[in-house]
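Q: No letters, just coordinates:
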């Protein structure tokens, strides 16, 4: 069974991969044998991240990518396909969050967030699918969030986008399945990442997450890795259109201390 998780010879394109969950994913896939293309809108950051992986003896390269730039997406995918003759794995990780009351949110802010968090995933999936189909193997993994399954005040734009990611993932599974391409989403709960730094500084909120989570802690970024390797590998060959929730049980339990009613 171990060989089913082996990614040797696979090429993975990961967006927003210079830090946080994107970098953790890049490291996990590379450790499983994949050649990872670390992309980010900040080229020096993606180059630094790729350098760390290379220093550890892993296979990696860096690339500049603005996920809202449709011609740029097509150009990068064509370049990777030309040099490697394949793209086996796409991880749509790049994203942003807007913590703001709905009544203070503008249409331009909402459109900007949708372009980064949702439209980009559709464009990237459309660009890589023909390359994947040519080789008869493809894994599309979209980063959603627990906010793709529930709602929260002050994050209407983010919640709407992440709900869209779940729906898009199902449609990609239906459309690309006949070509040997699976499409799944991962919905992380509360992880220690740069994106969450603002709320990590709020001790009341930090402790409230712990008290509501059966595992009684926040997650480390590298705890995403096993799930991502599974979804990228042969081990998940018959799994598609699904959203795997990685939240320590937070969203499937009634809030309250253990042992209470």
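A: Structure's in. What do you need? Bear in mind that the values here come from a model prediction, so they are computed numbers and not experimental data.
Q: what residues does stretch 246-254 touch?
A: 146, 149-150, 186-190, 209, 212-215, 217, 219, 223-224, 227, 245 (CB atoms under 8 Å, 6 or more residues apart in numbering). For glycine as for every other residue, the C-beta is placed from the backbone atoms N, C-alpha and C.
Q: and stretch 60-72, average pLDDT?
A: Computed over stretch 60-72, the mean pLDDT rounds to 98.
Q: Quick one: residues in contact with that stretch.
A: For stretch 60-72, using CB under 8 Å, 6+ apart, the contacting residues are 15-16, 26, 30, 35-41, 43, 46-47, 49-51, 53-54, 73, 76, 80, 94, 115-116, 119-120, 123-124.
Q: and residue 153, that one's in a helix?
A: No - per DSSP: H, G, I helix; E, B strand; the rest coil, residue 153 lies outside any helix segment and is coil.
Q: residue boundaries of the helices in the stretch 151-261 of the chain?
A: 156-176, 197-200, 203-212, 225-232 (DSSP state H, counting those that start in this stretch).
Q: And the contacts of stretch 246-254, which of them are buried?
A: Burial by neighbour count, 16 or more other CB atoms under 10 Å: within those this picks out 146, 149, 186-190, 209, 212-213, 219, 223-224, 227, 245.
Q: These in strands, which ones?
A: Mapping those onto strands (DSSP state E) picks out 186, 187, 188, 245.
Q: Among the buried ones among the contacts of stretch 246-254, pick out the one closest to residue 155, please.
A: Among these, residue 146 lies closest to residue 155 (CB to CB), at 11.2 Å.
Q: Tell me if I'm right that the closest one and residue 244 touch.
A: No - counting by CB atoms under 8 Å, residue 146 does not reach residue 244; the two are 11.4 Å apart.
Q: quick one: common contacting residues for these two?
A: Counting by CB under 8 Å, 6+ apart, the contacts common to residue 146 and residue 244 are residue 187.
Q: picking up where we left off before, out of the helices of the stretch 151-261 of the chain, which is closest to residue 88?
A: Closest approach to residue 88 among the helices of the stretch 151-261 of the chain (CB to CB): helix 225-232, 7.9 Å.
Q: can you give me the strands for the protein?
A: With DSSP E as the criterion, the chain has strands at 11-14, 35-40, 60-64, 89-92, 138-143, 181-188, 243-246.
Q: What pLDDT does the model give residue 206?
A: With respect to pLDDT, residue 206 scores 83.
Q: same deal with the one 10 residues further on?
A: Among the per-residue scores, residue 216 shows a pLDDT of 92.
Q: ditto for residue 82
A: pLDDT, residue 82: 98.
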